[in-house]
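>>> Generate a structure from the sequence data that follows.
(one chain, ligands or ions: 1)
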Amino acid sequence: MLQVTPAAIDRPASATKPPLLEVDKVTLRYKTPNLLVTATESVSFSVNESDRFVLLGPSGCGKSTLLKAIGGYMTPSAGTIHINGRQVKRPGPDRMMVFQEFDQLMPWKTVLENVMFPLTVARKLPKHEAETIAREYIDKVKLTRAVDSYPHTLSGGMKQRVAIARGMAMQPDILLMDEPFAALDALTRRQMQDELLQLWEDTKFTVIFVTHSIAEAIKISNRILLLSPHPGRVKAEVVHVDEARQDDGSAAALERDIHNLLFASEPGHKE
Ligand SMILES: Nc1ncnc2c1ncn2[C@@H]1O[C@H](COP(=O)(O)OP(=O)(O)OP(=O)(O)O)[C@@H](O)[C@H]1O
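Numbers count the residues shown, from 1 in each chain. From the prediction side, this is the model:
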């Protein structure tokens, strides 16, 4: 069963509320002294509340750049980004990022202090309130026993759990995750995907997740945006991923369809 819809008719019928995030014809460019690099060209999509929305595409298609622009760290050369009807112009606590790198934590702070930090600095909560919230999210990511540990004593997976707890504790409108599990070994990666889904079952947060793994996209998302190779343009959107995941046959067929769509014109490609 082919579940891929052309980009032009990508709005799922179930979307009754206005979208939480609207990305409208966004072109993103990097200017270097000698070059003008177009990372994405006229990319449009929308994300609804509680979506697990995946940006999927080959290396260099502009996934991370798009995430940076949604985060407010980069201004589009053309097009607009709106969250809750407000145009994104700068970073804000309504959008928290989780990166791939293990060094995104402050090494001189404990797990608890790392998770508390944005709550006290960006949300300006009193210490005791920030600590209560931080402990709640540290429990959710199963790090209760490591609450007073320093990052250098934690495994890669544990560090990513801290980064996820820190992002989620802020209760942002959208959690932005840039290949958060890409540097983990295969077993830990699968475990973290399961845990992320479990967290989502508990809190139904909205997440945009960047990956170049088709299998990971199918496992964790309910919607997938497929981007073409550099510069990234929308190729298609996959809706109803949840249904496809119900049985192995449909999931495998979907994986094949996505692979063909993404890489049909690139015979030498290996994922
Ligand atoms: N700081 C920068 N200055 C100039 N060009 C950049 C910069 N960052 C990214 N680019 C270019 O923009 C394009 C998109 O990069 P981006 O990192 O967003 O792609 P990606 O899809 O996330 O790739 P990957 O999966 O490898 O992380 C690439 O051609 C890249 O070389």
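
>>> In the stretch 101-250 of the chain, where is pLDDT below threshold?
Within the stretch 101-250 of the chain, no stretch has pLDDT under 70.

>>> which parts of it sit against the ligand?
212, 230 (CB under 6 Å from any ligand atom). In this view, the C-beta of every residue, glycine as well, is placed from N, C-alpha and C.

>>> again, 8 Å this time
Counting by CB under 8 Å from any ligand atom, the stretch 101-250 of the chain comes close to the ligand at 178, 179, 210, 212, 227, 230, 231, 232.

>>> Closest to residue 40 out of these?
For those, the minimum distance to residue 40 (CB to CB) is 4.2 Å, reached by residue 232.

>>> Now, the residues of the stretch 101-250 of the chain next to the ligand that are in strands?
Among these, the residues falling in strands (DSSP state E) are 178, 210, 227.

>>> Spit out the contact partners of the residue located most distally from the centre of the chain.
Most distant residue from the mean C-alpha position of the chain: residue 34, 31.3 Å away (CA atoms, centre = their mean). If you count contacts by CB atoms under 8 Å, 6 or more residues apart in numbering, residue 34 has none.

>>> how far does stretch 249-262 sit from the chain's center?
21 Å (CA atoms, centre = their mean, to the nearest Å).

>>> Numbering from 6 from now on, please.
New numbering, starting at 6: the last item is stretch 254-267.

>>> Could you pull out the buried residues of it?
Under the neighbour-count criterion of 16 or more other CB atoms under 10 Å, stretch 254-267 has 255, 256, 259, 262, 263, 266, 267 buried.

>>> re the thing from before, out of the ones in strands among the residues of the stretch 106-255 of the chain next to the ligand, which comes closest to residue 241?
residue 232 (9.5 Å).

>>> Can you report phi and psi for the closest residue in space to the closest one that isn't next to it in sequence?
Distances taken as CB to CB, 6 or more residues apart in numbering put residue 62 closest to residue 232, at 3.3 Å, once the chain neighbours are dropped. Here is the backbone geometry of residue 62 (degrees, to the nearest 10): phi 180, psi 170.

>>> surely residue 62 meets residue 231?
Yes: using CB atoms under 8 Å as the test, residue 62 is close enough to residue 231 to be in contact (6.4 Å).

>>> Domain-wise, how is this structure divided?
Domain segmentation of the chain under automatic domain parsing yields 23-99+178-270, 111-176.

>>> For the ones in strands among the residues of the stretch 106-255 of the chain next to the ligand, which single residue is the most surrounded?
Neighbour count (other CB atoms under 10 Å) singles out residue 232 as the most crowded of these, with 25 neighbours.

>>> For that one, give me its contacts.
45, 48, 60, 61, 62, 66, 67, 68, 238, 239, 240.

>>> Filter these down to the ones in helices?
Within the contacts of residue 232, residues falling in helices by DSSP state H are residue 68.

>>> Among the contacts of residue 232, which one sits closest to residue 98?
residue 60 (22.0 Å).
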